[in-house]
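Asker: Whatever this is, show me its structure:
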Amino acid sequence: MNDGTPARPRVVVEEPHDGRRRVRIDGEDVGVVVNAEELRRLLTRTGLTGEDTPVDDPRLIDWQGGGPDDWPAA
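Answerer: Residues are numbered from 1 along each chain as shown. Down below sits the predicted model:
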């Protein structure tokens, strides 16, 4: 049943810590990444996306503490 509420993003990229960001898919911890390209490779390995999938799609990814261009140095 679709009540018109948008689906929650399946992927959560947590707030940066020491230049790294923890990634969760459907609540499961799947790793830590240090840049958007590494995130793209991680999502491709899990089978969730393809290599050319944009990582700025809010329907897929919930970016916490900054977006896909926010990777503070360690």
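
Asker: ok, now which ones touch the residue positioned nearest the centre of the chain?
Answerer: Taking Cα atoms, centre = their mean as the criterion, V13 is the residue nearest the geometric centre of the chain, at 4.2 Å. In this structure, V13 makes contact with R21, R22, V23, V33, L39, I61, D62, W63, Q64, judged by Cβ atoms under 8 Å, 6 or more residues apart in numbering. No exception for glycine: its C-beta is placed from N, CA and C like everyone else's.

Asker: Count the neighbours of the nearest residue to E14 once chain neighbours are set aside for me.
Answerer: Take E14 and drop its neighbours on the chain: the residue closest to it by Cβ to Cβ, 6 or more residues apart in numbering is R22, 4.4 Å away. Residues lying near R22 (other Cβ atoms under 10 Å) number 16.

Asker: Backbone dihedrals for R22, please?
Answerer: Main-chain torsions, R22, degrees, to the nearest 10: phi -80, psi 140.

Asker: wait, isn't it in contact with E28?
Answerer: No: between R22 and E28 there is no contact under Cβ atoms under 8 Å: 11.3 Å.

Asker: picking that back up, mind listing the residues bridging to the residue nearest to E14?
Answerer: Under the criterion DSSP bridges, R22 forms beta bridges with V32.

Asker: Look up how far V30 lies from it.
Answerer: Per Cβ to Cβ, to the nearest Å, R22 is found 9 Å from V30.

Asker: farthest pair in the contacts of V13?
Answerer: V33 and D62 (14.6 Å; Cβ to Cβ).

Asker: Give me the more crowded residue out of those two.
Answerer: Higher neighbour count among V33 and D62: V33, with 20 against 14, using other Cβ under 10 Å.

Asker: so which strand or helix has the residue lying closest to that one once chain neighbours are set aside?
Answerer: Leaving aside its chain neighbours, V33 sits nearest to L39 (4.5 Å; criterion: Cβ to Cβ, 6+ apart). Using DSSP states H and E, L39 falls within helix 36-45.

Asker: same for that helix, what does it pack against?
Answerer: Secondary-structure packing of helix 36-45 (3 or more Cβ pairs under 8 Å, 6 or more residues apart in numbering; DSSP states H and E): strand 21-25, strand 28-33.
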